[in-house]
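Participant: predicted coordinates and the sequence they were generated for:
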Amino acid sequence: HVQLVESGGGSVQAGGSLRLSCAASENTYNTRSMLWFRQAPGKEREGVAAITSGGTTTYTDSVKGRFTISKDNAKNTLYLQMNSLKPEDTAMYYCAADPRLGRGLGPHQYSYWGQGTQVTV
């Protein structure tokens, strides 16, 4: 099983930036697709950004132009650069991984989840 550990969350004023990191215990077949998703209190989980091993990225509409997902294969680390943060971005942010391609933005499509890091705007 892949272990995922998120970090980088915190409190920031509206308009500010944060960079989230997700350290994976391996960088192999099991992390061919990776996802950042979030969940705010009383709301459903929402996929935010996804990336494949080939570098293809997908974003939910509400973060396009503000968030950037990237992956450093040498460090087995997934990142989410979040700029121009808004109060509605406040949530617990999680990373997820799956060996299959084409998983999209649905968290339930991913086999491995981290424990999350809180972002408050």
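Facilitator: Arrived safely.
Participant: for stretch 93-113, C-alpha coordinates in CSV please.
Facilitator: As requested, the backbone C-alpha atoms of stretch 93-113 are provided in CSV (Å, rounded to 0.1, in the frame of the first residue of the first chain):
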residue,chain,number,x,y,z
TYR,A,93,-7.2,19.1,1.8
TYR,A,94,-6.3,15.5,1.0
CYS,A,95,-4.1,13.8,-1.5
ALA,A,96,-4.9,10.5,-3.1
ALA,A,97,-3.3,8.0,-5.4
ASP,A,98,-4.2,5.1,-7.7
PRO,A,99,-2.5,2.8,-10.1
ARG,A,100,-5.1,3.2,-12.8
LEU,A,101,-5.1,6.0,-15.3
GLY,A,102,-8.1,8.1,-16.2
ARG,A,103,-9.4,8.4,-12.7
GLY,A,104,-10.5,12.0,-13.1
LEU,A,105,-11.5,14.2,-10.1
GLY,A,106,-13.7,11.8,-8.2
PRO,A,107,-12.0,10.9,-4.8
HIS,A,108,-13.9,7.6,-4.7
GLN,A,109,-11.9,6.6,-7.8
TYR,A,110,-8.6,6.6,-5.9
SER,A,111,-7.5,3.7,-3.8
TYR,A,112,-5.1,5.4,-1.4
TRP,A,113,-5.8,8.6,0.6
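Participant: report the buried residues of that stretch.
Facilitator: 93-99, 103, 105, 107, 109-110, 112-113 (16 or more other C-beta atoms under 10 Å). Just so you know, the C-beta spots here come from the backbone N, C-alpha and C atoms, and that holds for glycine as well.
Participant: which of those fall within strands?
Facilitator: Here DSSP state E is the test, and the buried residues of stretch 93-113 give Tyr93, Tyr94, Cys95, Ala96, Ala97, Asp98, Tyr112, Trp113 as lying in strands.
Participant: nearest to Tyr29, of the buried residues of stretch 93-113?
Facilitator: Pro99 (4.9 Å; C-beta to C-beta).
Participant: now Asn83. Nearest residue, chain neighbours left out?
Facilitator: Ser17 (4.7 Å; C-beta to C-beta, 6 or more residues apart in numbering).
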